[in-house]
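> here is my input; please provide its structure:
(chains A and B)
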Number of protein chains: 2
Amino acid sequence: MADQSLFPAPVGPGDLEESSALTPKFDADGLVTCVATDAASGDVLMVAHMNAEALAKTIATGEAWYFSRSRHALWKKGETSGHVQRVVEMRIDCDQDAVWIKVEQVTAACHTGRRSCFYRVVPLGVSATKTGEMKLEFRDERVFDPKAAYRKD
Amino acid sequence: MADQSLFPAPVGPGDLEESSALTPKFDADGLVTCVATDAASGDVLMVAHMNAEALAKTIATGEAWYFSRSRHALWKKGETSGHVQRVVEMRIDCDQDAVWIKVEQVTAACHTGRRSCFYRVVPLGVSATKTGEMKLEFRDERVFDPKAAYRKD
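Numbers count the residues shown, from 1 in each chain, chains lettered A, B, ... in the order given. Next up is the predicted model:
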């Protein structure tokens, strides 16, 4: 687990919500949730996680760092693909367990090649069990070829 | 844990990413992350969680339902305060463990009285250990009195 002493520990709920101190409430795995939106369009680009080190690096450098739960590793967004995120503004939520970053996204956020990871619409007003009617609609085209962007040269 | 059989189980990663089947990837606690944005302004209003039942109810009714991790209970947004969220569009991300809903928010999303839970800005370009410089800036005023909205009559 990352060094959470990079940030002061939260005190009570009132302190979390009405304080001007950044005291992130990391979960049992040492993570907070991060939502990245496109600073220009407002679209949600991706949802990922940050440990204390990723959060501290993002704040210090103004570029987005995350923690990969599957690879169990600190990760700079775009370190392989070049698709970095420059953070224009960071906000933290009431109970300090989620951050919102507005970013300037180079090329695209999603490893599948789309601008946003949220490229499929879920139909509303249908029962989840009616799988015939429950068809996701693809909305976003690929803007890069993921095979080329992530190949190991 | 909720009945995850409300939705088909995911198969492989390629299936998750390029399929038109909704096969949410619930975590060990049976949850997916949900980001709610304001359909008009694009602002992120809140980040919360949905279990299978909350997700199914949100899809079926077009109003936001969540699962409270602290209260361990299904919860309709606004059931006490009246501050419901009408879902204009729902999207799901590449690996189907997060949903994004664009909502028409009645009054405000945050229980502290602000429109959004993300009412504080985190300064950038500073070291997290420099607590003197690491001051959150409050940006959003309260739009309702939380004591009045949540009192038990």
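> tell me, how many neighbours does A:Ala39 end up with?
17 (other Cβ atoms under 10 Å in any protein chain shown). Just so you know, the C-beta spots here come from the backbone N, C-alpha and C atoms, and that holds for glycine as well.
> the residue of chain A found nearest chain B: how many residues sit nearby?
Of all residues in chain A, A:Gly42 sits closest to chain B, at 2.9 Å by Cβ to the nearest Cβ. Neighbour count for A:Gly42, taken as other Cβ under 10 Å: 15.
> skipping its backbone neighbours, what lies nearest it in space?
B:Gly42 (2.9 Å; Cβ to Cβ, 6 or more residues apart in numbering or on different chains).
> helices along chain A, start to end?
Along chain A, the stretches classed as helices by DSSP state H are A:13-18, A:52-61, A:146-149.
> and chain B, is the second one touching that?
Yes: using Cβ under 8 Å from any Cβ of the partner chain, helix A:52-61 reaches chain B at A:Ala52, A:Leu55, A:Ala56, A:Ile59, A:Ala60.
> A:Val126: what's it in contact with?
A:Glu133, A:Met134, B:Ile59, B:Ala60 (Cβ atoms under 8 Å, 6 or more residues apart in numbering or on different chains).
> now, which of the residues you listed sits nearest B:Met90?
Nearest to B:Met90 among the contacts of A:Val126 is B:Ile59, at 6.8 Å by Cβ to Cβ.
> list the contacts of the closest one.
A:Val122, A:Pro123, A:Leu124, A:Gly125, A:Val126, A:Ala128, A:Met134, B:Met90.
> ok, of those residues, which come out buried?
Neighbour-count burial (16 or more other Cβ atoms under 10 Å in any protein chain shown) applied to the contacts of B:Ile59 gives A:Val122, A:Leu124, A:Val126, A:Ala128, A:Met134, B:Met90.
> point out where chain A drops to low pLDDT.
A:1-4, A:13, A:131, A:151-153 (pLDDT under 70).
> for it, which segments are assigned as strands?
A:32-38, A:44-50, A:65-68, A:73-76, A:85-92, A:98-105, A:120-122, A:137-138 (DSSP state E).
> which parts of the fifth one are buried?
It refers to strand A:85-92. A:Gln85, A:Arg86, A:Val87, A:Met90, A:Arg91, A:Ile92.
> ok, and of the residues you listed, which contact chain B?
Within those, those near chain B by Cβ under 8 Å from any Cβ are A:Val87, A:Met90, A:Arg91, A:Ile92.
> returning to that earlier point: with distance to B:Trp65 as extra columns, can I get the buried ones among the contacts of B:Ile59 in TSV?
What follows is the buried ones among the contacts of B:Ile59, written out as TSV (distance: Cβ to Cβ, whole Å):
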residue	distance to B:Trp65
A:Val122	14
A:Leu124	13
A:Val126	15
A:Ala128	12
A:Met134	17
B:Met90	12
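> just flag the most distant two among the buried residues of strand A:85-92.
Among these, A:Arg86 and A:Ile92 lie farthest apart (Cβ to Cβ), at 18.8 Å.
> for the closest residue to A:Glu18 other than its chain neighbours, give me its contacts.
Excluding its sequence neighbours, the residue lying closest to A:Glu18 (Cβ to Cβ, 6+ apart) is B:Thr112, at 7.6 Å. If you count contacts by Cβ under 8 Å, 6+ apart, B:Thr112 has them with A:Glu17, A:Glu18, A:Cys94, B:Tyr119, B:Arg142, B:Pro146.
> just give the closest residue to A:Val11, not the sequence neighbours.
Closest to A:Val11 by Cβ to Cβ, 6+ apart is A:Thr23, at 7.2 Å.
> check A:Val143 too.
Nearest to A:Val143 is A:Ala108, by Cβ to Cβ, 6+ apart, at 4.9 Å.
> these two touch, right, A:Pro10 and A:Glu17?
No: A:Pro10 is not in contact with A:Glu17 according to Cβ atoms under 8 Å; the separation is 10.1 Å.
> relative to B:Glu104, which of the residues of helix A:52-61 next to chain B is nearest.
A:Leu55 (31.7 Å).
> what separates that closest one from A:Gly14, distance-wise?
22 Å (Cβ to Cβ, to the nearest Å).
> who has more neighbours out of the two?
A:Leu55 (29 against 9).
> list the contacts of that one.
A:Leu6, A:Phe7, A:Pro24, A:Val32, A:Trp65, A:Val99, B:Ala128.
> want to throw the residues you listed into CSV with distance to B:Val103?
Shown next, in CSV, are the contacts of A:Leu55 (distance: Cβ to Cβ, whole Å):
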residue, distance to B:Val103
A:Leu6, 34
A:Phe7, 31
A:Pro24, 26
A:Val32, 23
A:Trp65, 29
A:Val99, 20
B:Ala128, 33
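> pick out whichever of the residues you listed sits closest to B:Arg71.
Among those, and counting by Cβ to Cβ, the member closest to B:Arg71 is A:Val32, at 20.3 Å.
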